[in-house]
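> Following is a predicted model, sequence given first.
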Amino acid sequence: MKKILSLICIAVLMTVAPALAAPDLSVESVALNCGYLFGNESNEISATITNDDTDCEGSFNVSFVLSDGFSAIESVDALASGNNTIVSINDPTIRDAGAEVTITVTADCYGEIAEDDESNNETTLNTNVVNNGYEGKRYTGGEDITTKNTFDLNGDLVYSAGDSYYLSSYSYPHWTAYDASWTDAELLIPTTATVVDTRLYVPYTWDKAGVMSGVSLTFNTAAQTPDVHYADEKMHGTSYPYGMLVYNVTGNFDTAGNIANLTNLHNGGGNVSMRGMMLVVVYEDATEPRRQIFVNEEFDLIYGGSDYCTTPDEATVWAPITGATINPALTANARLITFAPGADGSGSAGEGELIFNGEMWNDEWTDNEVHQIGISDRDVTSYLLSTGNVAGFQSNADWMEASNAILILEEGDPWADSDSDGVPDCWDLEDDTPSGYLTDSDGVGYRIGDVNRDGKLTSADALMILQAIVGNIEL
């Protein structure tokens, strides 16, 4: 009987006595940079580890295992009851966009901690690899802005956006026609010249319905076929194509004036927005200096900022200048023209950074506040190299695209001083300083005795000279 009573007591105790409390570790969530596993770069992967029971006073390990071969383990010292901690790793694996990857994260992967519930320690995330289209294409396996045409001739290049304008699909969702024209005054070409190449650039944005693949265009009433169609987009989340159509309209160009008519037959709203149009003309003329002209093309959407998991360095587009030998010693002037659709800065409030052979200019591109094609036209003679010349477009939290880099090299003596003021033409801000004038370091002239440089010889100048003589001021 005593034995039976003892067994009954043990059974009762086992039924009513609470189990010893223990930690309960779980993987609450797995997070990727901006929600995506990006291709062509390393990735940060994070997991939130939660303890839903008593304090976990000992250390434990968290494992990250990716189905395509990478794994890592991170240690956590301790985790109090009701708390969580974020554990992160950097995965250096370079993947192609489109790859499927399963990420498995396990808390207490070595079983160091005795837990109430061992069944919730593991979480998996299935994801597809995408490119981050806000980076330059060089960083996502795409093309640089490459040299498409080179010219070596006595002649020059002119360009103009004419009366083209930004057409918003938000304001005009059902538009069907877009026209732009250029007067002879906007594209000044000598009467003795022969046009050798004319390209029409048509950049667009937010092509939600794929409209630009089916538009038609006439140039001076002649039907045109695109020479090339460049495109880029964000490539993750809500993503719409941006891009640029390029037409070779050389045979239909008219020095007296030109008009382009683009027709869009899309119905039902959700249209496309037009940045504007740019016409670029190369001509030959025996009265002009010899020039080498390099025309680079592509199209790259960029945004450099942590909100979209990019840096300015990653959001940089490069345009290497290739295709002909360059001799800086025989180059009197080097001119770099760049177009950046979407970089619609105005006045001194430009957008984006221009780079040329390591030199950088900030807030570089501005438009005319009618079209949205940012334009920069800059003298880069001092930075020209014989080989390895490269231009760069960089976004530092600027919404912009990069499309064209044009380098024009004029043959001559780089140290020529046409107005004999002691400052070479490549640095001279005033190319017609009168003989006998003094000049400052920028080549701007002023009369001898015009100490305050107000353009006049007055008693104020005399007083400043006397003060300098007695040592009260420095001139």
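Done, it's in. Residues are numbered from 1 along each chain as shown.
> Pull the contacting residues for the spatially most central residue of the chain.
With distances taken as CA atoms, centre = their mean, Ile302 lies nearest the centre of the chain, 3.4 Å away. When the contact criterion is CB atoms under 8 Å, 6 or more residues apart in numbering, the partners of Ile302 are 134-136, 310, 315-317, 393-395, 400-402. Where you see a C-beta, it was placed from the backbone N, CA and C, and this is true even at glycine.
> partners of the lengthiest strand in the chain, with directions?
The single longest strand within the chain, with elements called by DSSP state E, is strand 146-160. Using DSSP bridges, the strands paired with strand 146-160 are strand 278-284 (antiparallel), strand 290-302 (antiparallel).
> buried sites along the last one?
Going back to what we said before, that points to strand 290-302. In terms of neighbour count (16 or more other CB atoms under 10 Å), strand 290-302 has its buried residues at 291-302.
> quick one, what contacts Asp300?
136-137, 142, 145, 232, 317, 393, 401-403.
> Could you turn the buried ones of those residues into a PyMOL selection?
One line in PyMOL is enough to select the buried ones among the contacts of Asp300; burial here means 16+ other CB under 10 Å:
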select buried, resi 136+137+142+145+232+317+393+401+402+403
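> Tell me the one among the contacts of Asp300 nearest to Ile375.
Taking CB to CB as the measure, Ile375 sits nearest to Ser403 out of the contacts of Asp300, at 11.0 Å.
> which ones are touching that closest one?
145, 201, 203, 230, 244, 297-300, 339-341.
> which one among those gets closest to Phe219?
Checking those one by one against Phe219 (CB to CB), the nearest turns out to be Tyr201, at 12.4 Å.
> Excluding sequence neighbours, find me the nearest residue to the closest one.
Counting by CB to CB, 6 or more residues apart in numbering, the nearest residue to Tyr201 once its immediate chain neighbours are dropped is Met278, at 4.3 Å.
> didn't that neighbour look like it was pressed against Leu200?
Yes: with contact defined as CB atoms under 8 Å, Met278 counts as touching Leu200 (7.4 Å).
> which regions of this protein lie under the pLDDT threshold?
Judged by pLDDT under 70, the chain has its weakly predicted residues at 1-20, 346-348, 413-433, 435-449, 451-452, 455, 461-462, 465, 468, 471-475.
> Help me confirm that Val195 is found in a strand?
Yes: counting by DSSP: H, G, I helix; E, B strand; the rest coil, Val195 is part of a strand.
> can you pull the contacts of it?
Counting by CB under 8 Å, 6+ apart, Val195 touches 189, 250, 253, 255, 281-283.
> follow-up on the earlier one: using JSON lines, please lay out the buried residues of strand 290-302 together with distance to Asn128.
JSON lines is the format used below for the buried residues of strand 290-302 (distance: CB to CB, whole Å):
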{"residue": "Arg291", "distance to Asn128": "49"}
{"residue": "Gln292", "distance to Asn128": "46"}
{"residue": "Ile293", "distance to Asn128": "44"}
{"residue": "Phe294", "distance to Asn128": "39"}
{"residue": "Val295", "distance to Asn128": "37"}
{"residue": "Asn296", "distance to Asn128": "33"}
{"residue": "Glu297", "distance to Asn128": "31"}
{"residue": "Glu298", "distance to Asn128": "26"}
{"residue": "Phe299", "distance to Asn128": "25"}
{"residue": "Asp300", "distance to Asn128": "23"}
{"residue": "Leu301", "distance to Asn128": "20"}
{"residue": "Ile302", "distance to Asn128": "23"}
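> Return the distance of Val76 relative to Arg138.
Distance of Val76 to Arg138, computed by CB to CB, to the nearest Å: 38 Å.
> no no, Leu125
Counting by CB to CB, the gap from Leu125 to Arg138 is 29 Å.
> ditto for Val282
Summarising the geometry, the distance separating Val282 from Arg138, computed by CB to CB, is 27 Å.
> what's Met277 sitting at in phi/psi?
Backbone torsions for Met277, taken as degrees, to the nearest 10, come to phi -140, psi 150.
> right, I mislabeled it, should have said Ser459
phi -60, psi -30.
> How about the contacts made by it?
Listed by CB under 8 Å, 6+ apart, the contact set of Ser459 is empty.
> cool, and Leu66?
Residues in contact with Leu66 (CB under 8 Å, 6+ apart) are 91, 93, 101-104.
> Please repeat the previous calculation with a cut-off of 7 Å.
With contacts taken as CB atoms under 7 Å, 6 or more residues apart in numbering, Leu66 has the following neighbours: 91, 101, 103.
> what's the answer for Gly352, then?
With contacts defined as CB under 7 Å, 6+ apart, the neighbours of Gly352 are 340, 343, 364-365, 374, 393-395, 398, 400.
> at 6 Å what do you get?
Contacts for Gly352 were tallied using CB atoms under 6 Å, 6 or more residues apart in numbering; they are 340, 343, 364-365, 395, 398, 400.
> cool, Ile373 as well?
Under the criterion of CB under 6 Å, 6+ apart, the neighbours of Ile373 are 161, 275-276, 278, 339, 341, 367.
> one more time with 7 Å
161, 203, 275-276, 278, 339, 341, 367.
> one step back: with distance to Thr263 as added columns, please give the contacts of Ser403 in CSV.
As requested, the contacts of Ser403 are arranged in CSV below (distance: CB to CB, whole Å):
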residue, distance to Thr263
Ile145, 29
Tyr201, 18
Pro203, 17
Tyr230, 21
Met244, 18
Glu297, 24
Glu298, 26
Phe299, 22
Asp300, 27
Phe339, 24
Ala340, 27
Pro341, 21
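> Which one of the residues you listed is nearest to Leu407?
Using CB to CB, Ile145 comes nearest to Leu407 of the contacts of Ser403, at 11.7 Å.
> So that closest one is in contact with Val317, correct?
Yes: distance between Ile145 and Val317: 6.0 Å, which falls inside the contact criterion (CB atoms under 7 Å).
> The residue nearest to Glu100 when sequence neighbours are not counted: helix or strand, and which one exactly?
Taking CB to CB, 6+ apart as the measure, Glu100 lies nearest to Asn128, with 5.7 Å between them; neighbours along the chain are not counted. Taking DSSP states H and E as the criterion, Asn128 maps to strand 122-130.
> Please name every helix or strand in contact with that strand.
Contacting strand 122-130 under the criterion 3 or more CB pairs under 7 Å, 6 or more residues apart in numbering; DSSP states H and E are the following elements: strand 25-32, strand 37-38, strand 100-107.
> hey, what's in contact with both of Ile145 and Val317?
Contact criterion CB under 7 Å, 6+ apart; residues shared by Ile145 and Val317: 300, 402.
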